[in-house]
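A.B. asks: fold the following for me, if possible:
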Amino acid sequence: MTSTSAPLVCQRDFFSIPADHCYLNSAFMGPLPKPVEQAGARALVARASPIGMTAQDFFVPAERTRKLCAQLVNADPERVAFIPTAAYAAAIVAKNLHPKPGQNIVMLGDMFPSNVYAWRNWRSSGVEMRMVPAPQAPWSPPALHTSRAALWNAAVLAAIDSNTALVAVEPAHWTDGTLFDLERIGKRCREVGAAFVVDATQTVGAMPFDVQQVQPDALMVHSYKAMLSNYGLGFAVLGARFLDASPLEESWLMRSGSENFARLVDYEDLYAPGMRRFDTSLRANPSLIGMLEAACHLLIQWQPKRIRDYLLEIARRPVDRLRALGFEIADETQRCANLFGVRLPSTLDPEACRQHLARQQIHVSVRGSAVRVSPHVYNDEGDLMKLADALEQLVRADGRGK
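C.D. replies: Below you'll find the model as predicted:
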């Protein structure tokens, strides 16, 4: 597909979202674009009568999709492995790293559990868990270096020391979209020899990610959120420290020469090259791999940078309006474009707010004291203005009650 530098426009025609619904909740689950939905349907039809299926169907679609996933994040395809969940990738890392008593693990406070639980198991070995909470600071102060995002980044860097074995972060915090400086954090990890693990499930596809610049030891991405594919198949990019590591499952599919089905009982100790040893066998599911391939094609066509620029553009006027009403929203240099928090005034109840929006068919999530807004390419400025209208109703009602 050819790429373009022209600004992106709304892609709602690619989706089956009802016209009377305002879906601002891709961070919960991304809708399927029609080409992705159709790819899954075609695969199901073909699977219903597998007469035409061959051994190559277990391998060729996966290799095409491996290259596309690599292209999306500027990685070497030989470093890409297919995973069923982000937690699966974390388990691969945890199985092959062996922190010593007295070392520590640095994590973001309130981070998504898939990038937490695997490391907590090390507590029984005397490894310290260092959760770096969000600072109590304004989301959008006059000086950016005193913002919540800037202070949080500084606190993460300060928590990393010579005893740090692993640092686990997200490009943007899943609850409110706070951006983290992955290049600086990664550089600090390399200085102290810590493994650097990034869960980019909420952002890959909707904003640029460059493996060559960030240099994570493990990047894990489930595809059912920002990547607009189905639940059950994502990908990981694994660094050099895992070249000789052990996989979680000993699948025949991941052995050298497994393409030759006639010789499968000639048991082979060698793994397939690259990071294929870590692939989940679900990569051979024709629906899942077909949908992931179709989603990658669309995202590469739309281009993550253009998606981010588009989402920032459609949010500017609604964000200004919400700030004027007393809501806190971080500056766009400090937050993700496809996921950001709208912090409520103390007089508004978050769950009551969500229910008020749901009654108007505006779909968001609530995380803590903030409404989590997660638009994507099917949204436009009008959708975010509907959100602002509905929140203004709450503010005015709250004012009348005083």
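A.B. asks: average pLDDT for stretch 80-89?
C.D. replies: The pLDDT scores in stretch 80-89 average 98.
A.B. asks: ends of it, what's the gap?
C.D. replies: For stretch 80-89, the first-to-last residue distance is 11 Å (CA to CA, to the nearest Å).
A.B. asks: tell me how far that stretch is from the chain's mean position?
C.D. replies: Relative to the mean C-alpha coordinate of its chain, stretch 80-89 is positioned 12 Å out (CA atoms, centre = their mean, to the nearest Å).
A.B. asks: who's in contact with that stretch?
C.D. replies: 62, 65-66, 69-70, 92, 112-115, 117-118, 199, 201, 218, 220-222, 232-238, 248, 274-280, 282-283, 289 (CB atoms under 8 Å, 6 or more residues apart in numbering). All C-beta spots, glycine's among them, are computed from the backbone N, C-alpha and C.
A.B. asks: same thing but at 7 Å, please
C.D. replies: For stretch 80-89, the external contacting residues (CB atoms under 7 Å, 6 or more residues apart in numbering) are 62, 66, 69-70, 114-115, 199, 201, 218, 220, 222, 232-238, 248, 275-276, 278-280, 282-283.
A.B. asks: so how far is residue 159 from residue 98?
C.D. replies: 21 Å (CB to CB, to the nearest Å).
A.B. asks: in the stretch 51-200 of the chain, which spans are strands?
C.D. replies: 80-83, 104-108, 128-132, 164-169, 195-199 (DSSP state E, counting those that start in this stretch).
A.B. asks: next, the buried residues of the fourth one.
C.D. replies: Residues of strand 164-169 classed as buried: 164-169 (neighbour count, 16 or more other CB atoms under 10 Å).
A.B. asks: and these, which is closest to residue 265?
C.D. replies: The closest of the buried residues of strand 164-169 to residue 265 turns out to be residue 166 (CB to CB; 39.8 Å).
A.B. asks: which ones are touching that closest one?
C.D. replies: In this structure, residue 166 makes contact with 97, 99, 105, 119, 194-195, 197, judged by CB under 7 Å, 6+ apart.
A.B. asks: excluding residues flanking it in the chain, which one is nearest it?
C.D. replies: Distances taken as CB to CB, 6 or more residues apart in numbering place residue 195 nearest to residue 166, at 4.4 Å, with adjacent residues excluded.
A.B. asks: count of neighbours near the one you found?
C.D. replies: Neighbour count for residue 195, taken as other CB atoms under 10 Å: 21.
A.B. asks: quick one, which of the strands of the stretch 51-200 of the chain is packed in tightest?
C.D. replies: Across these, averaging neighbours per residue (mean count of other CB atoms under 10 Å) puts strand 80-83 on top, at a mean of 28.
A.B. asks: the contacts of stretch 80-89 in strands, which ones?
C.D. replies: Members of these lying in strands (criterion: DSSP state E): 199, 218, 220, 234-238.
A.B. asks: of the residues you listed, just say which sits nearest to residue 244.
C.D. replies: Among the ones in strands among the contacts of stretch 80-89, and counting by CB to CB, the member closest to residue 244 is residue 238, at 11.3 Å.
A.B. asks: list the contacts for the residue nearest to the closest one when sequence neighbours are not counted?
C.D. replies: Leaving aside its sequence neighbours, residue 238 sits nearest to residue 275 (CB to CB, 6+ apart; 4.9 Å). Contact analysis of residue 275 by CB under 7 Å, 6+ apart lists 78-81, 238.
A.B. asks: residue 135 too?
C.D. replies: 148, 151-152, 155.
A.B. asks: go ahead and confirm residue 348 touches residue 399.
C.D. replies: No. Taking contacts as CB atoms under 7 Å, residue 348 lies outside contact range of residue 399: 11.0 Å.
A.B. asks: the more surrounded of these two?
C.D. replies: Shown here are residue 348 and residue 399; by other CB under 10 Å, residue 348 has more neighbours (19 against 10).
A.B. asks: contacts only, for that one.
C.D. replies: Contacts of residue 348 by CB under 7 Å, 6+ apart are 394, 398.
A.B. asks: how is this protein divided into domains?
C.D. replies: 12-24+304-400, 51-301 (automatic domain parsing).
A.B. asks: same list (those domains) but as TSV, adding distance to residue 35.
C.D. replies: Listed next are the domains of the chain as TSV, based on distance: least, CB to CB, whole Å:
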stretch	distance to residue 35
domain 12-24+304-400	7
domain 51-301	5
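A.B. asks: show me where pLDDT drops low in the stretch 301-402 of the chain?
C.D. replies: Counting by pLDDT under 70, the stretch 301-402 of the chain shows low-confidence ranges at 400-402.
A.B. asks: need the strands for it, in chain order.
C.D. replies: Assigned by DSSP E, counting those that start in this stretch, the strands in the stretch 301-402 of the chain fall at 340-343, 362-363, 365-367, 370-373.
A.B. asks: can you redo the contacts of residue 275 as CSV with distance to residue 395?
C.D. replies: Listed next are those as CSV, based on distance: CB to CB, whole Å:
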residue, distance to residue 395
78, 54
79, 49
80, 47
81, 48
238, 48
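A.B. asks: and which of those is nearest residue 133?
C.D. replies: residue 238 (29.2 Å).
A.B. asks: residues near the closest one, how many?
C.D. replies: Neighbour tally, residue 238, other CB under 10 Å: 25.
A.B. asks: please apply the same query to the one 4 residues further on.
C.D. replies: Counted with other CB under 10 Å, the neighbours of residue 242 add up to 22.
A.B. asks: one more: the one 4 residues further on?
C.D. replies: Counted with other CB under 10 Å, the neighbours of residue 246 add up to 12.
A.B. asks: need the pLDDT of it.
C.D. replies: Looking at residue 246, its pLDDT is 96.
A.B. asks: pLDDT wise, what is the residue lying closest to residue 119 once chain neighbours are set aside at?
C.D. replies: Nearest non-adjacent residue to residue 119, counting by CB to CB, 6+ apart: residue 105, 4.7 Å away. If you check residue 105, the pLDDT there is 98.
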